[in-house]
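Need a 3D model of the following:
(2 chains)
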Amino acid sequence: MYDIIIIGAGPAGLTAALYASRAMKKILVLEAVSYGGQIINSSMVDNYPAIPHTDGYDFATRLYNQVKELKVDIKFERVIEIIDQDKYKLIKTKDNTYESKTIIIATGNSSRKLGIDKEEELVGRGVSYCATCDGAFFKNKDVAVIGGGNTALEDAIYLSNIASHVYIIHRNDAFKAEDVLIKTIKEKNNIECIYNSNITKLNGEEKLESIEITNNDGTIKTINVSGIFIAIGRVPENEIFKNIITLDDSGYILAGENCHTNIQGIFVAGDARHKELRQLVTATSDGAIAATEAIKYLDNDKM
Amino acid sequence: MVKEIESKDFEEVVLKSDGKVLVDFYANWCGPCKMLRPVLEEVASERSESKIVSINVDEAEELSSKYGIISIPCLILFENGKEIDRSIGLKSKSDIEGMIN
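Model (predicted):
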C-alpha cells in the first residue's frame, strides 16, 4: 500500500513527488511514456524564475535527477483505470494493480488534432505538431502553420528562418496572440497569412504534397506545401478518470487552487486541471500544493 | 549498447546484416530524441540479441533524405536489409519492445 501514487512524470507530477518524498511518504510515480512531459519539446525556456536560458530537456532532466536522488520509485506503465474504494484507491495499469491511500493526477495534455482524413497516416511524413522538432527538415521548402494563437505564431516565426515560404492558416479574421508576435509576423516577408479559412483536406500518399483550404465564404483553393505544423491548442487526457472525477466542459479536471477533486483523497496538479494559465511555473506550483494537500489528508486520517 | 554509426557504415551494419536492426535517427537539438536514448539503451542492455544503432541526421543528410526522415525521433526497423516498420516520436519501452518482436 502506497501513501501517494502520482500519475504522470511531467513538471507537476515530479514536483509533487519531490514534496511528498521530503515528507517521508511512501510514493510511486507512474508514467506512460517518458519523464518530462510536453516541456521536452521546447528548445528554449526563458520564463522559469531563476533559471534563464535553459531548454526543456535540460529542465526535465534536472528535475528528474533531483527526484531520483531521493530514491523515489518511478515506473514506466500507463494507467488505464482508477477505482475509489472508500478507504483506499486502486490504480490499474496494463500489467499491474497498485493500492494507494491517495492519488495525484498529473497527466497534462496533448496536441489537439485537426480531425481530418489522412492526418494520422501522414504524421512524420509532412504532418507535425512540433515546429522546433521537425522544422529543420523543411529547409527551403514551403510549409503551413495551422492556428492563430501564440504557439502558431511562434512556430511561423521559427519556420520563416528555415523554410522558403510560410503560410499561416487561421479560421478567424484576427490572431489571438501577443502583440509582439503579431508585429514580428507582419515584418517577415516570407510569411503569408490566410484568414477566415480552415484546412479541409490533406493530399499525398507517401508524403504530404498539398492541402485544401476552404474559406468561410465557401471558396476552395489548394496550396502546395511539404509540411504542415498544427498548433490549434491542446486537449487534456482525462478520459480514463471521467467515470468518477468531475471534468469541465473542455475535459479538464474541476478543482480550485487547492487541487482537490470531487473525490476525497484524489488530487489534480498541472495542465490536467481546470485553470487560467498553463505554464511550467503553474505546473510546479500545483505539484507542491497537491502533494501538501495529500500529506494533510494522510496525516488527518491517522488521528 | 546503442552503437553510433555513420552513413558510410550503414550498408555494412544495417542493410547487409542478417536479422533485425533498429535504427534511431536523431539530432542533438531534439529534446524527445534525448529522452528516447536511455529507453533504447535499456532495451539494448536487456536484449543483447537486439541490434540497435543510432544515426545523427545532421551528419547523415543524404541518408536521412533517402529514407524520407522529416520528423525525429524516427525509429526504422530493418530486417535483412528491408524496412519493415517505422515509428515517429517519443515511444515507451513497451512500444519499442513490441516493435522489435
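
Please enumerate the helices of the stretch 101-250 of chain A.
Ranges of helices in the stretch 101-250 of chain A, per DSSP state H, counting those that start in this stretch, are A:131-134, A:150-160, A:179-187.

Is there proximity between the first one and chain B?
To tie it back to what came earlier, the one meant is helix A:131-134. Yes. Helix A:131-134 reaches chain B (C-beta under 8 Å from any C-beta of the partner chain) through A:133-134. Backbone N, C-alpha and C define where each C-beta goes, glycine included.

And residue A:32, how far from chain B?
From residue A:32 across to chain B, the span is 7 Å (C-beta to the nearest C-beta, to the nearest Å).

And the residue of the stretch 101-250 of chain A that's closest to chain B?
residue A:124 (3.2 Å; C-beta to the nearest C-beta).

Skipping adjacent residues, who's closest to that residue in space?
residue B:88 (3.2 Å; C-beta to C-beta, 6 or more residues apart in numbering or on different chains).

Against residue A:237, how distant is that neighbour?
Look at residue B:88 and residue A:237: by C-beta to C-beta, to the nearest Å, they are 19 Å apart.

quick one: which of these two has more around it?
residue B:88 (22 against 17; other C-beta atoms under 10 Å in any protein chain shown).

ok, what's across the strand from the more buried one?
Note on residue B:88: beta-bridge partners by DSSP bridges are residue B:74.

Assess the claim that it and residue B:71 are in contact.
Yes. Look at residue B:88 against residue B:71 with C-beta atoms under 8 Å: they come within range, at 5.0 Å.

Could you confirm whether the top helix by length along chain B reaches chain A?
Ordering each helix of chain B by length in residues (DSSP state H) puts helix B:31-46 first. Yes. Interface with chain A: helix B:31-46 contributes B:31-32, B:34-36, B:39 (C-beta under 8 Å from any C-beta).

any residues touching the least confident helix or strand in chain A by mean pLDDT, and which ones?
Within chain A, no helix or strand scores below helix A:131-134, which has a mean of 84 by mean pLDDT, DSSP states H and E. Taking contacts as C-beta atoms under 8 Å, 6 or more residues apart in numbering or on different chains, the residues outside helix A:131-134 that touch it are A:41-43, A:128, A:145, A:154-155, A:158-159, A:227, A:229, A:231, B:30-32, B:70-72.

what's the answer for stretch A:61-72, then?
Outside stretch A:61-72, the residues that touch it by C-beta under 8 Å, 6+ apart are A:9, A:11, A:14-15, A:17-18, A:21-22, A:27, A:29, A:35-36, A:74, B:34.

And for stretch A:272-288?
Here stretch A:272-288 makes contact (C-beta under 8 Å, 6+ apart) with A:8, A:10-19, A:37, A:39, A:45, A:47-49, A:59, A:104-109, A:234, A:236-238, A:248, A:250, A:252-255, A:259, A:268-271.

ok, now stretch B:86-96?
By C-beta under 8 Å, 6+ apart, stretch B:86-96 touches A:32-34, A:40, A:76, A:78, A:94, A:123-124, B:22, B:32, B:35-36, B:39-40, B:42-43, B:71-77, B:99.

and it, how far out from the chain's middle?
Remark: stretch B:86-96 is offset 11 Å from the chain centroid, using C-alpha atoms, centre = their mean, to the nearest Å.

for it, what is the average pLDDT?
For stretch B:86-96, mean pLDDT is 91.
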